[in-house]
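I'll drop the sequence and a predicted model, then ask my questions.
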Amino acid sequence: MPVPRTDLLAGRRVLVTGAASGIGLAIVEHCTAAGARVVAADRDPAVGDRAAAVGAVGHVVVDATDEAAVDAAVDTAAELLGGLDVLVTSHGILTQSPAAEMSLAQWQQTIDVDLTSVFLLNRSALRHLLPQGEGRIVNVASQLGIKGGSSLAHYAAAKAGVIAMTKSLALEVSRDGVLVNAIAPGPIETPLVDGIDEDWKRAKRAELPLGRFGTPDEVAPTAVLLASNPGGNLFVGQVLGPNSGDVMP
């Protein structure tokens with residue numbers, strides 16, 4: 001189904017990470033349909049063609065765990081867009097392991113990709129947003145950062161860190177005109193979730209009040225809302241949960 005076109009983000013200059021697939025790619029499409037100009041970022045070179053197909057005006061290929069590369073990518077996006085108004089971080093990895101069997105390397109990789117890289121992107125974006133006195137940051141976390149998950153201690157810890165960082169940055173920069181919020185989706189039908197074992201997915205669906213996982217197109221409008229004016233104007237350090245009822249704060 002085509003995404004309805006609106007002017008909710010007319011003229012907004014947006015950088016979206018994790019934009020080669022899943023939630024990130026859907027956010028690119030929904031932001032462009034809402035009138036934004038979007039640069040798509042991902043470590044997967046396929047981001048260029050995929051994001052262009054849904055309206056992105058440019059792309060950058062970046063390893064978000066590389067500090068210098070992140071700064072360069074955000075600067076490049078700002079150059080392509082003529083400035084930056086919104087950052088959406090939607091990249092990540094997801095693996096499974098019982099904690100007693102988890103290697104330090106597996107733990108560290110997840111923390112690096114799912115938490116530290118989000119800090120690096122937020123920090124770099126703030127260097128553009130704070131001087132202009134206005135902007136939005138939307139960090140995609142997970143409901144597992146609120147409730148935890150069996151065999152997912154590393155992932156849940158990283159996403160809990162994203163939520164706590166989001167709240168801390170919101171306290172720090174909201175009076176400077178930059179609003180920072182998070183989205184904590186439940187299980188969503190994406191390539192990220194494809195790698196989780198079927199027994200886990202079957203049990204998770206049975207737990208959900210809706211009885212099903214969501215789709216990227218059901219998450220992306222939340223990012224548009226948080227980036228919009230006036231719709232997102234009063235959200236400060238909030239965690240919005242399109243999660244099929246998995247978490248009810």
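Cool, the structure landed. What you are looking at is a predicted structure, and each value in this text was computed from that prediction instead of being measured.

ok, residue 73 - contacts?
By Cβ atoms under 8 Å, 6 or more residues apart in numbering, residue 73 lies in contact with 41, 60, 62. For the C-beta atoms, the positions are set from N, CA and C on the backbone; glycine is no exception.

quick one: the residue of the chain most remote from its centre from residue 110, how far?
For the chain, the residue at maximal distance from the C-alpha centroid (Cα atoms, centre = their mean) is residue 100, at 29.2 Å. For residue 100, the distance to residue 110 (Cβ to Cβ, to the nearest Å) stands at 16 Å.

all helices of the chain, in order?
Secondary structure of the chain by DSSP state H: the helices cover 22-33, 47-53, 67-81, 104-111, 117-132, 144-147, 153-173, 191-194, 198-207, 216-227.

Give me whichever of those helices is most buried.
Per-stretch averages of neighbours, counted by mean count of other Cβ atoms under 10 Å, single out helix 22-33 among these, with a mean of 27.

What helices and strands are in contact with it?
Using 3 or more Cβ pairs under 8 Å, 6 or more residues apart in numbering; DSSP states H and E as the contact definition, the elements that helix 22-33 packs against are strand 13-17, strand 37-42, helix 47-53, strand 86-89, helix 216-227.

What is the last one packed up against?
Which is helix 216-227. Counting contacts by 3+ Cβ pairs under 8 Å, 6+ apart, helix 216-227 is packed against helix 22-33, strand 86-89, strand 135-140, strand 178-183, strand 239-240.

now for the ones you listed, which one comes closest to residue 49?
helix 22-33 (11.2 Å; Cβ to Cβ).

Pull the residues that contact that closest one.
For helix 22-33, the surrounding residues in contact (Cβ under 8 Å, 6+ apart) are 3-6, 9, 12, 14, 16-19, 38, 40, 42, 50-51, 54-56, 86, 88, 90-91, 140, 185, 188, 190-192, 215-217, 219-221, 223-224, 227.

can you give me the mean pLDDT across it?
What helix 22-33 shows for mean pLDDT is 98.

Let me know the angle separating that helix from strand 37-42.
Helix 22-33 and strand 37-42 are oriented at 170 degrees to each other (axes from the mean of the first three to the mean of the last three Cα atoms, to 10 degrees).

Take helix 22-33, keep the C-alpha atoms, and write them as PDB.
C-alpha atoms of helix 22-33 as PDB (Å, rounded to 0.1, in the frame of the first residue of the first chain):
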ATOM      1  CA  GLY A  22      13.500  -2.900   7.900                       C
ATOM      2  CA  ILE A  23      12.400  -0.100  10.200                       C
ATOM      3  CA  GLY A  24      15.100   2.300   8.900                       C
ATOM      4  CA  LEU A  25      14.100   2.000   5.300                       C
ATOM      5  CA  ALA A  26      10.400   2.400   6.200                       C
ATOM      6  CA  ILE A  27      11.300   5.600   8.100                       C
ATOM      7  CA  VAL A  28      13.000   6.900   5.000                       C
ATOM      8  CA  GLU A  29      10.000   6.300   3.000                       C
ATOM      9  CA  HIS A  30       7.500   7.800   5.500                       C
ATOM     10  CA  CYS A  31       9.700  10.900   6.100                       C
ATOM     11  CA  THR A  32      10.000  11.600   2.300                       C
ATOM     12  CA  ALA A  33       6.300  11.000   1.900                       C
END
